[in-house]
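>>> Need the 3D shape of this:
(chains A and B)
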Amino acid sequence: MLQKIYDWVDERMDITPLWRDIADHEVPEHVNPAHHFSAFVYCFGGLTFFVTVIQVLSGMFLTMYYVPDIENAWKSVYYLQKEVAHGQIVRGMHHWGASLVIVMLFLHTLRVFFQGAYKKPRELNWVVGVLLFFVMLGLGFTGYLLPWDNKAYFATQVGLEIAAATPFIGDQIRTLLAGDPEIVGAQTLARFFAIHVFFLPAALFGLMAAHFIMIRKQGISGPL
Amino acid sequence: MHRGKGMKFVGDSRIPAERKPNIPKDYSEYPGRTEAFWPNFLLKEWLVGAVFLIGFLVATAAHPSPLEQQADPTNASYIPLPDWYFLFLYQFLKYQYAGGDFIVLGAIVMPGLAFGALLLAPFLDRGPERRPTRRPIATGLMLLGVIATFWLTYESVSHVDYEQRSEQYGVKEEGEGPDINTDHPGYAVYEANCLSCHGDTLQGQGSNPSLLKTEKSVEEIKHIAKNGIGNMPSGVFNGSEEELQKLAEFIHSAATGGGKGGEKGSGGEGEGGSDSGSGH
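Coordinates of the predicted model:
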């Protein structure tokens, strides 16, 4: 039955080559913790991806309750946390996952750096990876404001002041992010929400696709 | 791949009509104990992922994510603290030549150089050597950066008392709206005289303490309302003696639990029965 469905689709779409490209690749001995336990350092990248998937899914569920306006943002988070079934778990996953993803990214970056895995021909993939790190930090910064509690508000104010310190275009950057040259308020929350939920995830997915395609093309770097 | 003349397509599409067999590559000739990703390796990875997820969920359930009081831009006494992965930068800007007049140096130039070097690492460290010991400059700089980041992060939080912060800035469960008996005759007096500093549910704000846990007697509260205490100036309360009595009784009843559970004004005339509201 499944085979028939597969064949039916394959006849029309020719998905076999695609499937072989995605699924069919080797796992060399030196990266396989089943053979050398020290190879667990190669898991950090995969775990980063895993936590990113958790972030995307839990974030999608959070937007079912979250209201991005200054009157209701905090109340909606409070309601989610106190009243909604498993709301605390979903928010907890997103909250702690945000920290975990940074930890995993950090470990993954150190692994690649100290193994010199970014050397020719993998320079571009390293650049894309560092850009991914920046996007992740941006997601952390914008997401921090969204619960609209005091911690979020005042940390964002500090962050925006740092952004405004950029020479020449500092004020423009601040206005672009906050929606106003002075106030951190309703506009800021709406913009941070848009950046957190649409702009940065779009950049994240594009960069991740590039990251994975390059890994597949070049293969994992050899043993030291 | 078949090219050129003789190719057959499905209908008028660009899909080749010739079927290719869906057979995995043979890895037996690869060096070492190479394994197929699908499905052999993925099954093991799946197990690791499941264990990881369980640990993560347990941690999540054990530590509910924090939520402080709703943002209040007029709260001048709040000491900001960013998320932990920005603490190193936050701390860095506190130093004399990185903050203040040198903010451009500390906030843009130096982080820009550090992260720029990270971004362009493959073009700065171009030799063929991969072992960390064979490229001491790259390894040394990275170790220096990591140590500096850790140290700055430690410095920034070594003086922070997180328990005290969550006590001071956290959401006060007892103080939530319906728990305060707003029908109490003293509440109107409270609203007029005390609310602007001590909050609409007696929760306090900034350095102004919460009144919910005060153990002071009615007489003491009356005295403080008139004469002040600590940072609180005297003469904040201006009203009649009768209002003062109602106010003190209201605060006392709220602090001893009488103000709770009073959705229907069960606290009634201000005695604030000491047994009510214990259901919380």
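>>> need the contact list for residue 89.
Answering for chain A, as no chain was given. Taking CB atoms under 8 Å, 6 or more residues apart in numbering or on different chains, we find A:I89 in contact with B:57, B:60-61. (Glycine included, C-beta is placed from N, CA and C.)
>>> wrong one, chain B
By CB under 8 Å, 6+ apart, the contact list for B:L89 reads A:162, B:107, B:111, B:152.
>>> What about those, which are in helices?
Among the contacts of B:L89, the residues falling in helices (DSSP state H) are A:162, B:111, B:152.
>>> Format the contacts of B:L89 as TSV; extra columns: neighbour count and pLDDT.
As requested, the contacts of B:L89 are exported to TSV (neighbours: other CB atoms under 10 Å in any protein chain shown; pLDDT from 0 to 100):
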residue	neighbour count	pLDDT
A:I162	21	91
B:A107	22	90
B:P111	17	93
B:L152	17	95
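>>> so how far is the longest helix along chain A off the chain centroid?
Counting by DSSP H, the longest helix found in chain A is helix A:87-114. Centre-to-centre, helix A:87-114 and its host chain are 9 Å apart (CA atoms, centre = their mean, to the nearest Å).
>>> Give me the buried positions along whatever helix or strand comes next after it.
Using DSSP states H and E, the helix or strand that follows helix A:87-114 towards the C-terminus is helix A:123-145. Neighbour counts using 16 or more other CB atoms under 10 Å in any protein chain shown place A:125-133, A:135-145 of helix A:123-145 among the buried residues.
>>> So which of these reach chain B?
Counting by CB under 8 Å from any CB of the partner chain, A:126-127, A:130-131, A:137, A:140-141, A:144 from the buried residues of helix A:123-145 sit close to chain B.
>>> Check those residues against B:G49 and report the nearest one.
Among those, A:G140 lies closest to B:G49 (CB to CB), at 22.8 Å.
>>> The closest one and A:H95 touch, don't they?
No: checked against CB atoms under 8 Å, the pair A:G140 and A:H95 is beyond contact range at 10.8 Å.
>>> I'd like the distance between A:L105 and chain B.
Noted for A:L105: a distance of 10 Å to chain B, by CB to the nearest CB, to the nearest Å.
>>> and that residue, what is it in contact with?
By CB under 8 Å, 6+ apart, the contact set of A:L105 is A:48, A:132-133, A:136.
>>> So for chain B, the centremost residue is which one?
Nearest residue to the geometric centre of chain B (CA atoms, centre = their mean): B:P66, 5.5 Å.
>>> Tell me which residues touch that residue, please.
Counting by CB under 8 Å, 6+ apart, B:P66 touches A:95, A:151, B:166, B:170.
>>> Helices of chain A, residue ranges please.
A:2-13, A:16-23, A:43-62, A:73-82, A:87-114, A:123-145, A:150-164, A:170-178, A:186-194, A:200-218.
>>> closest to B:P209 out of those helices?
Proximity of the helices of chain A to B:P209 was assessed by CB to CB; the nearest stretch is helix A:150-164, lying at 16.8 Å.
>>> Now that closest one - C-alpha only, PDB.
Taking Å, rounded to 0.1, in the frame of the first residue of the first chain, the C-alpha atoms of helix A:150-164 are listed here in PDB:
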ATOM      1  CA  ASN A 150      10.100  44.800  34.200                       C
ATOM      2  CA  LYS A 151      13.100  42.700  33.400                       C
ATOM      3  CA  ALA A 152      12.300  42.600  29.700                       C
ATOM      4  CA  TYR A 153      11.500  46.300  29.500                       C
ATOM      5  CA  PHE A 154      14.600  47.700  31.200                       C
ATOM      6  CA  ALA A 155      17.000  45.200  29.600                       C
ATOM      7  CA  THR A 156      15.600  46.200  26.200                       C
ATOM      8  CA  GLN A 157      16.100  49.900  27.100                       C
ATOM      9  CA  VAL A 158      19.800  49.100  27.800                       C
ATOM     10  CA  GLY A 159      20.100  47.100  24.700                       C
ATOM     11  CA  LEU A 160      18.600  49.900  22.500                       C
ATOM     12  CA  GLU A 161      21.000  52.400  24.100                       C
ATOM     13  CA  ILE A 162      23.900  50.200  23.100                       C
ATOM     14  CA  ALA A 163      22.600  49.900  19.600                       C
ATOM     15  CA  ALA A 164      22.100  53.700  19.500                       C
END
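>>> What helices and strands are in contact with that helix?
Other helices and strands packing on helix A:150-164, by 3 or more CB pairs under 8 Å, 6 or more residues apart in numbering or on different chains; DSSP states H and E, are helix A:123-145, helix A:170-178, helix A:186-194.
>>> Let me have those in JSON lines, adding mean pLDDT as columns.
Shown next, in JSON lines, are those (pLDDT from 0 to 100):
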{"stretch": "helix A:123-145", "mean pLDDT": "97"}
{"stretch": "helix A:170-178", "mean pLDDT": "94"}
{"stretch": "helix A:186-194", "mean pLDDT": "96"}
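>>> Tabulate those (JSON lines), appending distance to A:L18.
Converted to JSON lines, the helices and strands packed on helix A:150-164 look like this (distance: least, CB to CB, whole Å):
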{"stretch": "helix A:123-145", "distance to A:L18": "22"}
{"stretch": "helix A:170-178", "distance to A:L18": "40"}
{"stretch": "helix A:186-194", "distance to A:L18": "33"}
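>>> A:Y79: which of those is closest?
The nearest among these, by CB to CB, is helix A:186-194 at 17.0 Å.
>>> Establish whether that closest one and chain B are in contact.
No: applying CB under 8 Å from any CB, one finds helix A:186-194 out of contact with chain B, separated by at least 9.1 Å.
>>> how far off helix A:73-82 does that helix point, in degrees?
Computed by axes from the mean of the first three to the mean of the last three CA atoms, to 10 degrees, the angle separating helix A:186-194 from helix A:73-82 equals 50 degrees.
>>> How far does helix A:186-194 sit from its chain's centre?
Counting by CA atoms, centre = their mean, helix A:186-194 is centred 19 Å from the centre of its parent chain.
>>> Can you list the helices and strands that it packs against?
helix A:123-145, helix A:150-164, helix A:170-178.
>>> go again using 7 Å as the cut-off
Here helix A:186-194 touches helix A:123-145, helix A:170-178, going by 3 or more CB pairs under 7 Å, 6 or more residues apart in numbering or on different chains; DSSP states H and E.
>>> for the shortest one, which positions count as buried?
By neighbour count with 16+ other CB under 10 Å, helix A:170-178 contains the buried residues A:170, A:174-175, A:177-178.
>>> For chain B, state which of the residues you listed is nearest.
Nearest to chain B among those, counting by CB to the nearest CB, is A:G170 at 8.5 Å.
>>> does that closest one really touch A:A164, like I thought?
Yes: between A:G170 and A:A164 there is a contact under CB atoms under 7 Å: 4.4 Å.
>>> Return the closest of the contacts of B:P66 with respect to B:G228.
Each of these was scored against B:G228 by CB to CB, and B:G170 proved nearest at 27.0 Å.
>>> Count the neighbours of the closest one for me.
Per other CB atoms under 10 Å in any protein chain shown, the neighbour tally for B:G170 reads 16.
>>> Quick one: residues contacting the residue nearest to it when sequence neighbours are not counted.
With CB to CB, 6 or more residues apart in numbering or on different chains as the criterion, B:G170 has its nearest non-adjacent residue at 5.9 Å, and that residue is B:E68. Neighbouring residues of B:E68 by CB atoms under 7 Å, 6 or more residues apart in numbering or on different chains: A:149-151, B:169-171.
>>> Against A:G92, how distant is B:E68?
Separation of B:E68 from A:G92 (CB to CB, to the nearest Å): 16 Å.
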